[in-house]
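A.B. asks: Show me the folded form of this:
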Amino acid sequence: MTETGELTYRRVHRASPELLFDCMTTPEHLTHFWGPTGTTTPVENITVDLRPGGVFETTMVNDADGSTHTMRAVYVEIRRPERLVWVEPGVEGGMLTTITFVDLHDGRTEVVTRQTNVPAAYLSAQARAGFGTSLDRFDVYLAELTGERR
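C.D. replies: I've put the predicted structure just below:
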């Protein structure tokens, strides 16, 4: 059995929980920020069947060499705009991702991404830094979407 762990990422965004939830569940939004810096995820490579038991699948393309990485998940829970949960059954034992959208009632929302049953490869500093760049890309996209000056 491979060792697994947990990861939690917290980020505060200047946007409503509804907008953030929609960005995380709509291919036309996801294509702008899904994946770490150095990758793109074309809209045609994103499948969102937003219902419990529905498929969530993305295929990222490495900008440098064209190699691809596909993430295949199944939605477990969908409560717009508070909570989004999916499991990746193909990742050793099923990595579970829970995203909670917490309205701070001042125009900002805290997004907490908690992953459990995370394989060791995903726990490396490099993998965590890559996930962080995806959150940075999300910030930039949200600023463009809301017309906020950075």
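
A.B. asks: all helices of this protein, in order?
C.D. replies: 17-25, 27-30, 125-146 (DSSP state H).

A.B. asks: Tell me which of the ones you listed sits most buried.
C.D. replies: Of all these, helix 17-25 has the most neighbours on average by mean count of other Cβ atoms under 10 Å, namely a mean of 19. Where you see a C-beta, it was placed from the backbone N, CA and C, and this is true even at glycine.

A.B. asks: Now it: average pLDDT?
C.D. replies: The average pLDDT within helix 17-25 is 97.

A.B. asks: what angle do it and helix 125-146 make?
C.D. replies: Using axes from the mean of the first three to the mean of the last three Cα atoms, to 10 degrees, the direction of helix 17-25 lies 120 degrees away from that of helix 125-146.

A.B. asks: Need the helices of the chain in TSV (columns: distance to residue 8).
C.D. replies: Formatted as TSV, the helices of the chain follow (distance: least, Cβ to Cβ, whole Å):
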stretch	distance to residue 8
helix 17-25	16
helix 27-30	21
helix 125-146	11
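
A.B. asks: check contacts around residue 137.
C.D. replies: 32-33, 35, 37 (Cβ atoms under 8 Å, 6 or more residues apart in numbering).
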